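Novice: The sequence and its predicted three-dimensional model are supplied below.
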Amino acid sequence: MRNTNRVFLSALSLPISGILAIVALLLRGPSAVPTDPAGWAKASYVVGQYGMLAAFVLPLPGLWALYAYLSNNRVHRIAFVAMLLSFWGIALVLPLLGIMAYVNVAFQWSCHTLRSLV
């Protein structure tokens with residue numbers, strides 16, 4: 001019974017990460033790259049970008065718990081392949097989101113510097 005509760009609590013990270021991704025997308029806006037330089041400096045864009053990072057990291061324990069739950073059934077091979085593909089997909093997206101989140105500070109600084117010069 002105790003392990004079932006742990007699996008359930010870990011699996012809750014899947015819908016929570018989905019909700020967090022929707023909120024982050026609403027904060028950030030539909031475009032991942034703002035067209036105007038002032039768009040990079042908005043606080044909502046920064047919070048949305050970090051929210052997207054968290055939304056991609058948060059489901060990892062849930063995916064592991066889902067695999068642990070399904071590994072005792074006859075679908076254990078499909079569950080293992082699905083877990084690996086999910087991990088690989090997340091691993092491919094995270095560097096891009098990280099670069100966009102941390103480079104944003106340099107863009108904010110440059111926009112502020114350019115505005116003060118004009």
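Specialist: Everything's here; your move.
Novice: Can you pull the poorly scored residue ranges out of this structure?
Specialist: Residues of the chain meeting the criterion pLDDT under 70: 1-2, 30-41, 105, 107-118.
Novice: what about the helices in it?
Specialist: Per DSSP state H, the chain carries helices over the ranges 2-11, 13-28, 37-40, 43-57, 59-70, 76-117.
Novice: Present the ones you listed as TSV; the columns should include mean neighbour count.
Specialist: Just so you know, the C-beta spots here come from the backbone N, C-alpha and C atoms, and that holds for glycine as well. As requested, the helices of the chain are arranged in TSV below (neighbours: other CB atoms under 10 Å):
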stretch	mean neighbour count
helix 2-11	12
helix 13-28	16
helix 37-40	15
helix 43-57	18
helix 59-70	19
helix 76-117	13
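Novice: Point to the residue nearest the middle of the protein.
Specialist: F56 (2.5 Å; CA atoms, centre = their mean).
Novice: Hmm, L96 and it touching each other?
Specialist: No: using CB atoms under 8 Å, F56 is not in contact with L96, being 10.1 Å away.
Novice: Spatially, what comes nearest to S44 if we skip its sequence neighbours?
Specialist: Once flanking residues are discounted, S44 sits nearest to L27: 4.7 Å by CB to CB, 6 or more residues apart in numbering.
Novice: any idea how far the one you found is from A11?
Specialist: Distance, L27 to A11, by CB to CB, to the nearest Å: 26 Å.
Novice: now swap in L94 and tell me
Specialist: With CB to CB as the criterion, L94 and A11 are 21 Å apart.
Novice: Contacts only, for V7.
Specialist: In this structure, V7 makes contact with A65, A68, Y69, judged by CB atoms under 8 Å, 6 or more residues apart in numbering.
Novice: actually I90, not the one I typed
Specialist: If a contact means CB under 8 Å, 6+ apart, then I90 has F56, V57, P59, L60 as its contacts.
Novice: Please name the spatially closest residue to R6 (chain neighbours excluded).
Specialist: Per CB to CB, 6+ apart, closest to R6 is A65, 7.5 Å.
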